[in-house]
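# Quick one, what's the 3D model for this:
(one chain, ligands or ions: 1)
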Amino acid sequence: MQKRIVFSLGGSLLYKDKTLDVNYIKRFSKFVSKLSKRFAIVVVVGGGTLAREFISVARKFTKNNFLLDIIGIEATRMNAMLLSISIPNAEYIENPLTLEELSNGKIFVTAGLIPGISTDGVAALIAEKLGATFVNLTNVDGLYTADPNKFKNVEIVPKIKAKKLREFLQPSFEPGQHFIIDNFALNIIERSSIRCIIVNGRKFSEILKALTNKRFRGTIVE
Ligand code: UTP
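Residues are numbered from 1 along each chain as shown. From the prediction side, this is the model:
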């Protein structure tokens, strides 16, 4: 059986200066297409600038978090549909729960599911269902020992227990909120001991190293 991977593609990677980053989309598409010869792949796409922009304007008119999350989910779907069109051997799946079997050489691209969680949570659920490795593609190099924007000499944590990682996270979830990973996803990872990797989604060589069990710049959650 081919090794299975669920990528949680942080929406922020698809955008540069608040507009779609066509160059990144092309590069990512080429990268996963090639990778799909060796791995069975699902990509769960985040909302990025589109979600944040719509949620922040909608918030001026409502305090209803359910509605704000629905707006976020629709943004993740727009991004996922676009990404699936850019990958020649991809299929867009609107409802991630309907993903049953992975097939060789085909990439499934999907998006948000229900209010109250993030696309990391969706990716963790799919990884649990299909027995896959969860790979969180984010816009930083991994989990840092402290906020690199506030402190000097911070380092990447190469390995961390899921329980310990929880201490870094905020307990509540707000629409449009941005974390390296969220509590819901972490719960799923912990309860089913899912192999989880956090790596910079722009550094394809590091992603490849991580997937082939080589030393890489990033974080392994165990
Ligand atoms: P994400 O927060 O998953 O997108 O979804 P993102 O841009 O990738 O975020 P980062 O970069 O990983 O932090 C955007 C918003 O859509 C709603 C939430 O409001 C979320 O903040 N959403 C998404 C849901 O309510 N349910 C889902 O299953 C997915």
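# From the centre of the protein, point out the most distant residue.
Using CA atoms, centre = their mean, the residue of the chain lying farthest from its centre is residue 61. It sits 28.8 Å away.
# gap between that one and residue 67?
Plainly put, residue 61 is 9 Å away from residue 67 if you go by CB to CB, to the nearest Å. Glycine gets a C-beta too; all of them are placed from N, C-alpha and C.
# Determine the three-state secondary structure at the spatially closest residue to residue 121 that is not a sequence neighbour.
Distances taken as CB to CB, 6 or more residues apart in numbering put residue 184 closest to residue 121, at 4.1 Å, once the chain neighbours are dropped. Here residue 184 takes the helix state, with states given by DSSP: H, G, I helix; E, B strand; the rest coil.
# mind starting the numbering at 709 from now?
Yes, from this point I'll number from 709; that puts the last item at residue 892.
# surely residue 892 meets residue 881?
Yes - counting by CB atoms under 8 Å, residue 881 is a contact partner of residue 892 at 7.2 Å.
# what's the overlap in contacts for these two?
824, 825, 826 (CB atoms under 8 Å, 6 or more residues apart in numbering).
# just the buried members of those residues?
Neighbour counting over the shared contacts of residue 892 and residue 881 (16 or more other CB atoms under 10 Å) leaves 825, 826 as the buried ones.
# quick one: which of the shared contacts of residue 892 and residue 881 is nearest the ligand?
residue 826 (3.6 Å; CB to the nearest ligand atom).
# that older thread, tell me the contacts of the residue farthest from the centre of the chain?
Listed by CB under 8 Å, 6+ apart, residue 769 has no contact partners.
# Look at it and report its pLDDT.
pLDDT for residue 769: 98.
# What parts of the chain come near the ligand?
Contact residues, the chain versus the ligand (CB under 6 Å from any ligand atom): 718-720, 754-756, 759, 777, 780-781, 784, 820-823, 825-828, 830, 883-887.
# any idea which helix is longest in the chain?
helix 773-794 (DSSP state H).
# Check which helices and strands it is in contact with.
Judged by 3 or more CB pairs under 8 Å, 6 or more residues apart in numbering; DSSP states H and E, helix 773-794 is in contact with helix 730-743, strand 747-753, helix 756-766, strand 798-800, strand 815-818.
# re the thing from before, quick check on the residues of the chain next to the ligand: which are buried?
Using 16+ other CB under 10 Å as the burial test, the residues of the chain next to the ligand include 718-720, 754-756, 759, 777, 780-781, 784, 820-821, 823, 825-828, 830, 883-884 as buried.
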